[in-house]
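[1] Below: sequence and its predicted model.
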Amino acid sequence: MTRSMTMTNTPPTNVLSTRIADELRRAILSGELSPGERIRQEELAEQFGASRIPVREALRILVTDGLVNMVSNSGAWVSSLTQDECSEHYQIRERLEPLLLRYNLGALTDADIARAGELVELMKQAPDLETFMRYDREFHWITYSRVETNSLTDLIEKLWNTTQPYRRVFMKLVRSGGIEVTHLEHELLLEAIKRRDSDEAESILHGHIRRTRIELDRHPEVFAHEFDKSD
């Protein structure tokens, strides 16, 4: 794509906005962009051969997703959390995510559960952290996405997005010696799901999320962001 292209070859604004949002979402969730890092709209516009309009629309999409913060007359940054905010987000997840699982449990198909089983094994064999986290996200969201809710699913997804950078740090910590516990929790959760045992599945999932929060609470250095928002 070149800056001199004619308007007839330029994708519609909504298509460009979606493309830009998708690329930014991937970069944030993969850790390429860090919490508190500034997002420069002019650089995005140049990168995608776009005007500021689709860039601003893409950023608005990501604000809704919980991935970007916009400050009037200042700019856009990758969302970041203080330690207290992250702990609060995790406590909300501890209580509401098991409820979302319960809503979906009866609607899961045999194919959903089979894929969840595959993902449990793939996580054990993951060659690196990013691969593990991709499989982990797919595993959990297979079990959350069969039933349409009025607001719960959107809320949980937003909380996943805002806490993902800190969960990445947690996984770096546990992969040095405690990853076996994570694998065991996934296996236990899968077995409860196979039995359609809502009470057991909720209990395991609650503990699974709580353990991450407790570990993060022990590491305040995780939240010492180095990016200066005044530049």
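    Nice, I can see it.
[2] What score does the residue positioned nearest the centre of the chain have for pLDDT?
    The centre of the chain sits closest to Asn161, judged by C-alpha atoms, centre = their mean, with a distance of 3.3 Å. At Asn161, the model reports a pLDDT of 93.
[3] for it, what are its contacts?
    Ile28, Leu29, Asp65, Gly66, Leu67, Ser79 (C-beta atoms under 8 Å, 6 or more residues apart in numbering). In short, each C-beta sits where N, CA and C put it, glycine included.
[4] which one of those is nearest His208?
    Within these, the smallest distance to His208 is 19.6 Å, found for Leu29 (C-beta to C-beta).
[5] Hmm, Gln164 and the closest one touching each other?
    Yes: counting by C-beta atoms under 8 Å, Leu29 does reach Gln164; the two are 5.7 Å apart.
[6] Just the strands from this structure, written as ranges.
    38-39, 68-71, 75-78 (DSSP state E).
[7] gap between Glu138 and Ser87?
    26 Å (C-beta to C-beta, to the nearest Å).
[8] quick check: domain ranges of this structure?
    7-78, 83-222 (automatic domain parsing).
[9] follow-up on the earlier one: spit out the contact partners of the residue lying closest to the residue nearest to the centre of the chain once chain neighbours are set aside.
    Take Asn161 and drop its neighbours on the chain: the residue closest to it by C-beta to C-beta, 6 or more residues apart in numbering is Gly66, 4.4 Å away. Gly66 sits next to Ser79, Lys158, Leu159, Asn161, Thr162 when contact means C-beta under 8 Å, 6+ apart.
[10] So the closest residue in space to Arg213 that isn't next to it in sequence versus Leu108, what's the distance?
    Once flanking residues are discounted, Arg213 sits nearest to Tyr90: 3.6 Å by C-beta to C-beta, 6+ apart. Noted for Tyr90: a distance of 25 Å to Leu108, by C-beta to C-beta.
[11] same question, Glu85
    32 Å.
[12] all helices of the chain, in order?
    Along the chain, counting by DSSP state H, helices occupy 13-29, 41-47, 52-65, 83-105, 110-125, 129-142, 152-174, 179-194, 198-217.
[13] Pull the residues that contact the last one.
    To tie it back to what came earlier, the one meant is helix 198-217. With C-beta under 8 Å, 6+ apart as the contact definition, helix 198-217 has outside contacts at 83, 86-87, 90-91, 93-95, 97-99, 101-102, 105, 166-167, 169-170, 173-174, 181-182, 185-186, 188-189, 192-193, 222.
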